[in-house]
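S.K.: this one's sequence-less:
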């Protein structure tokens, strides 16, 4: 099923296709997954588990170094990471159309932002980021959302154009993005 | 067809569903779209056209102000923008699984980056961004890809959690992101 998903996405996840890949009859498969919806829910469980269990980089330090490792763990830098990301991005078609699946995805984003926030707070304590550790909480929340946006937007571009975004380019983009966060900003920029 | 797509995504775009919404028979619809693939190709044409024809903000100036207007035109800030973005994000499931559709999406990203690059170059000429106008072209390309990543990553988060990302929050994130670009960066940051 994983291979079917990574190659064909959720549009290609049919009981027939999965049965064929597993070498069982559609009838046999339907014994376990009576509907397409049941198969999708199972596929998303597998995806969640694979994501949770993936090998991760060491978190060598607090602050920006830890944030950098967290971002590199998200990006499609190796074949397994690419397959997982393809399946996540593919799942958004169904998740946008289904209230429960959509709420799950919204929760997942909330957890990503929560995982990133402590690194930003630590970076402020360490003086790596401008602002003090007790800067407005809303500002840190917004910055965490910006970091997540950058990461997932890069995931999508890289999936569609792996030659343009090999691992070295993705990594360089992460470093450039983190560098832009470290700078002292003018209080009001030209956009104000 | 547009309503079906915006509500149900490409997973819900079946000949039967479209025929029902249009009040015609499936047989009649199949006269025009003999296959699901033909229907998808037509849907993507409609999406491309709606995106090209959408109303846009005035571009009041060169540089960051123009970049800001370009980004706000991308984001799901109003119902029509939201519907279009939902359909784009939904289309990635099919596009990742289909070589031709995937190549179209890669081209679309290349065009987005090309549309953003001149604003970055102008911002450098105007002194709004660090670096000179003749800074390494590769650096500007990478920055354009980072801007696109930020924008599309914000689109996806906002689609799944519109209450957390109302227009004011999305706009504030754009302004914060642009502000971070304006700052002089240390040549080598902690990530080096």
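M.R.: Cool, the structure landed. Since we're looking at a predicted model, the values are computed, not measured.
S.K.: count the neighbours of the residue nearest to residue A:183 when sequence neighbours are not counted for me.
M.R.: Nearest in space to residue A:183, with sequence neighbours left out and distances taken as C-beta to C-beta, 6 or more residues apart in numbering or on different chains, is residue B:183 at 3.3 Å. Quick note: C-beta positions are derived from backbone N, CA and C, even for glycine. Using other C-beta atoms under 10 Å in any protein chain shown, residue B:183 is surrounded by 19 other residues.
S.K.: residue B:183 against residue A:179, yeah?
M.R.: No: contact criterion C-beta atoms under 8 Å: residue B:183 and residue A:179 do not qualify, at 9.7 Å.
S.K.: tell me the helices and strands packed up against the one helix or strand residue A:93 maps to.
M.R.: Per DSSP states H and E, residue A:93 falls inside helix A:79-97. Secondary-structure packing of helix A:79-97 (3 or more C-beta pairs under 8 Å, 6 or more residues apart in numbering or on different chains; DSSP states H and E): helix A:2-8, helix A:36-53, helix A:99-125, helix A:137-160, helix B:79-97, helix B:137-160.
S.K.: let's go with 10 Å and repeat that
M.R.: Other elements packing on helix A:79-97 under the criterion 3 or more C-beta pairs under 10 Å, 6 or more residues apart in numbering or on different chains; DSSP states H and E are helix A:2-8, helix A:36-53, helix A:64-74, helix A:99-125, helix A:137-160, helix B:2-8, helix B:79-97, helix B:137-160.
S.K.: in a markdown table: those, plus mean pLDDT.
M.R.: Listed next are those as a markdown table, based on pLDDT from 0 to 100:
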| stretch | mean pLDDT |
| --- | --- |
| helix A:2-8 | 88 |
| helix A:36-53 | 92 |
| helix A:64-74 | 96 |
| helix A:99-125 | 95 |
| helix A:137-160 | 96 |
| helix B:2-8 | 88 |
| helix B:79-97 | 95 |
| helix B:137-160 | 96 |
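S.K.: kindly reformat the ones you listed as a markdown table containing distance to residue B:54 and mean neighbour count.
M.R.: Converted to a markdown table, the helices and strands packed on helix A:79-97 look like this (distance: least, C-beta to C-beta, whole Å; neighbours: other C-beta atoms under 10 Å in any protein chain shown):
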| stretch | distance to residue B:54 | mean neighbour count |
| --- | --- | --- |
| helix A:2-8 | 31 | 17 |
| helix A:36-53 | 32 | 14 |
| helix A:64-74 | 31 | 20 |
| helix A:99-125 | 24 | 17 |
| helix A:137-160 | 20 | 22 |
| helix B:2-8 | 13 | 17 |
| helix B:79-97 | 7 | 21 |
| helix B:137-160 | 14 | 22 |
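S.K.: in a markdown table, list those helices along with distance to residue B:33.
M.R.: Below are those laid out as a markdown table (distance: least, C-beta to C-beta, whole Å):
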| stretch | distance to residue B:33 |
| --- | --- |
| helix A:2-8 | 21 |
| helix A:36-53 | 22 |
| helix A:64-74 | 38 |
| helix A:99-125 | 27 |
| helix A:137-160 | 25 |
| helix B:2-8 | 13 |
| helix B:79-97 | 15 |
| helix B:137-160 | 27 |
